[in-house]
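J.: Fold the following.
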Amino acid sequence: MMAIRKSHDRGHRNHGWLDSHFTFSFADYFDPEHVQFRTLRVMNDDRVAGGGGFPKHPHRDMEIVTYVLEGALEHKDSMGNGSVIKPGDVQYMSAGTGVAHSEFNASKTEPVHLYQIWMLPEKQGLKPAYDQKNFSVAEKRGKLRLVASPDGRDGSVKIHQNNELYATVLGAGETVKHELKPARHAYVQVARGTIKLNGTSLETGDGAAISAEKTVELTGLKDAEVLLFDLA
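T.: Below is the predicted model of the structure:
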């Protein structure tokens, strides 16, 4: 069973400095049919104009993953971390008992394009944590690269939830397959490009919630970058 979420059906807000598309309900955008999928709570497709950004603000009890597609995002938080997140980087922050952070476009002129992803944690009241790792295009080209997991295997970022996040870069005709164990679910998000997902065409910004399937098959139709979540 597969439920397609087309790019143009997502929530949308344009604040000038920030142009966002929401797969799930977020801030003042609420859709009772799309609040979350399993423990995947937020999938925001954000474009931040040069010089723009999010001033310091708090979070708690949420697993937050940032995936940059273009440009560079500057991060600072109350744990003392400061970094610049660039394409290929996967940044992770477990808000736990409470953390405050800011995120600004590192450039005054060039835009930054990113996905910010929130997952519910395995339990509340965890100690806040931070990590950031880079995964090259070569690691993702024509294969599913594990970038986040509950055990941190294969050099992935370790998260506090029984979910796995894979990233892949596909050229036309390239195919990758992922087997789902019984009672597991998947969410596929096309960050850019065009693919076929189990025979169904998806384009930039499209997503799909998958349940009761054994295999997730992705085939590139045009150069594409895709995120695949394996969810409890």
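J.: Buried residues in the longest strand anywhere in the chain, which are they?
T.: Scanning the chain for the strand with the most residues, using DSSP state E, yields strand 215-231. Using 16 or more other CB atoms under 10 Å as the test for burial, strand 215-231 gives 216, 218-221, 224-231. No exception for glycine: its C-beta is placed from N, CA and C like everyone else's.
J.: Give the other helices and strands that it contacts.
T.: strand 164-170, strand 175-179, strand 185-197 (3 or more CB pairs under 8 Å, 6 or more residues apart in numbering; DSSP states H and E).
J.: to the chain's geometric centre, what's the distance from stretch 160-174?
T.: Relative to the chain's own centre, stretch 160-174 is displaced by 10 Å; criterion: CA atoms, centre = their mean, to the nearest Å.
J.: Put the alpha carbons of it into PDB.
T.: Extracted C-alpha coordinates of stretch 160-174, given in PDB (Å, rounded to 0.1, in the frame of the first residue of the first chain):
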ATOM      1  CA  HIS A 160      17.300   7.900  19.500                       C
ATOM      2  CA  GLN A 161      14.600   6.100  17.600                       C
ATOM      3  CA  ASN A 162      14.200   2.700  15.800                       C
ATOM      4  CA  ASN A 163      14.300   4.400  12.400                       C
ATOM      5  CA  GLU A 164      16.800   4.300   9.600                       C
ATOM      6  CA  LEU A 165      17.500   7.000   7.000                       C
ATOM      7  CA  TYR A 166      19.100   6.300   3.700                       C
ATOM      8  CA  ALA A 167      20.200   8.700   1.000                       C
ATOM      9  CA  THR A 168      20.800   7.900  -2.700                       C
ATOM     10  CA  VAL A 169      21.800   9.700  -5.800                       C
ATOM     11  CA  LEU A 170      20.500   8.100  -9.000                       C
ATOM     12  CA  GLY A 171      21.200   8.700 -12.700                       C
ATOM     13  CA  ALA A 172      18.800   7.700 -15.400                       C
ATOM     14  CA  GLY A 173      18.300   4.000 -15.400                       C
ATOM     15  CA  GLU A 174      20.000   3.400 -12.000                       C
END
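J.: which residues of the protein score low on pLDDT?
T.: Applying pLDDT under 70 to the chain flags no residue at all.
J.: Break it down into its structural domains.
T.: 11-135, 138-231 (automatic domain parsing).
J.: re the thing from before, got the angle for the longest strand of the chain vs strand 175-179?
T.: 60 degrees (axes from the mean of the first three to the mean of the last three CA atoms, to 10 degrees).
J.: rewinding a little: TSV for the helices and strands packed on strand 215-231, including distance to residue 127 and mean neighbour count?
T.: TSV is the format used below for these (distance: least, CB to CB, whole Å; neighbours: other CB atoms under 10 Å):
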stretch	distance to residue 127	mean neighbour count
strand 164-170	21	24
strand 175-179	31	14
strand 185-197	27	21
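J.: now for those, which one comes closest to residue 43?
T.: strand 185-197 (6.2 Å; CB to CB).
J.: Give me the nearest residue to residue 55, chain neighbours excluded.
T.: residue 102 (5.7 Å; CB to CB, 6 or more residues apart in numbering).
J.: what's near enough to touch that neighbour?
T.: Counting by CB atoms under 8 Å, 6 or more residues apart in numbering, residue 102 touches 53, 54, 55, 56, 57, 75, 76, 77.
J.: Is there a quick PyMOL command that grabs whichever of those residues are buried?
T.: To isolate the buried subset of the contacts of residue 102 in PyMOL, counting by 16+ other CB under 10 Å, use the following:
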select buried, resi 53+54+75+77
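J.: which one of the contacts of residue 102 sits closest to residue 134?
T.: residue 75 (14.3 Å).
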